[in-house]
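Asks: Pasting the sequence and the predicted coordinates here, then a few questions.
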Amino acid sequence: MPTDQTREGMTTPSSKPAETILLVDDDREVLSLAADILRAAGYVVLSTRDPHEALRIARSRAEPLHLLLTDIVMPLMSGRQLAEELRGIQADVKVLFMSAYSIETVEDYLILLAPGEPFVVKPFTMAELKSKVRAALVYRSPFSRPRVSRDEHDHD
């Protein structure tokens with residue numbers, strides 16, 4: 001007889017999110033911890049320590065990536081640069097930046113966040129990471145414009 005082994009904070013198979021997250025962090029332990037938390041929450045997680053590999057992953061996928069969760073300050077490429085390049089591959093991908101640095105220090109690197117843009121500070125708890133990921137998936141930039149379909153554009 002099946003038993004319900006769902007615990008508080010865990011999701012049942014029917015309530016699991018279907019989103020795919022591309023996770024990039026040069027710190028092996030952070031990468032592993034974040035991937036474990038997100039997989040346990042039901043997300044599909046593709047993870048790498050190399051931003052160039054992240055771009056290769058994005059180019060090779062037919063399915064959409066829903067979220068890029070990336071460290072901002074990395075040795076090979078900044079998280080902001082990675083996000084910009086990834087949006088050239090998949091324009092609709094949402095982005096959640098994370099850093100062990102404060103927002104002020106991150107802005108010293110000339111990486112400015114839009115007002116209300118989700119940001120997660122490391123170290124984070126499981127609840128914080130899951131909450132910030134959910135917020136990032138529903139976040140709409142104040143600078144984004146409604147999309148115009150080709151038909152509407154062609155009749156201008």
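Replies: Received, thanks. Numbering: from 1, shown residues only.
Asks: all strands of the protein, in order?
Replies: For the chain, the strands defined by DSSP state E occupy 20-24, 44-48, 67-71, 94-99, 119-121.
Asks: Does anything pack onto the first one? Which helices or strands?
Replies: Strand 20-24 is packed against helix 28-40, strand 44-48, helix 51-60, strand 67-71, helix 79-89, with contacts defined by 3 or more Cβ pairs under 8 Å, 6 or more residues apart in numbering; DSSP states H and E. All C-beta atoms are positioned from the backbone trio N, CA, C, and that covers glycine.
Asks: Let me know which of these is the nearest to Leu96.
Replies: With respect to Leu96, and counting by Cβ to Cβ, the nearest of those is strand 67-71 at 4.8 Å.
Asks: Touching that closest one from outside, list them.
Replies: Residues outside strand 67-71 that contact it (Cβ atoms under 8 Å, 6 or more residues apart in numbering) are 19-27, 30, 34, 38, 51, 54, 79, 82-83, 86, 93-99, 122, 133, 136-137.
Asks: Can you name the residues bridging to the closest residue to Ser102 other than its chain neighbours?
Replies: Spatial nearest neighbour of Ser102, excluding adjacent residues (Cβ to Cβ, 6 or more residues apart in numbering): Val121 at 7.4 Å. In this structure, Val121 bridges to Ser99 when assessed by DSSP bridges.
Asks: what about Val121, neighbour count?
Replies: Val121 is flanked by 14 other residues according to other Cβ atoms under 10 Å.
Asks: Please tell me how far it sits from Leu82.
Replies: Between Val121 and Leu82 the computed distance is 19 Å (Cβ to Cβ, to the nearest Å).
Asks: how close does Glu53 sit to Ala18?
Replies: Separation of Glu53 from Ala18 (Cβ to Cβ) stands at 24 Å.
Asks: Which residue of these two possesses the greater neighbour count?
Replies: Glu53 (14 against 8).
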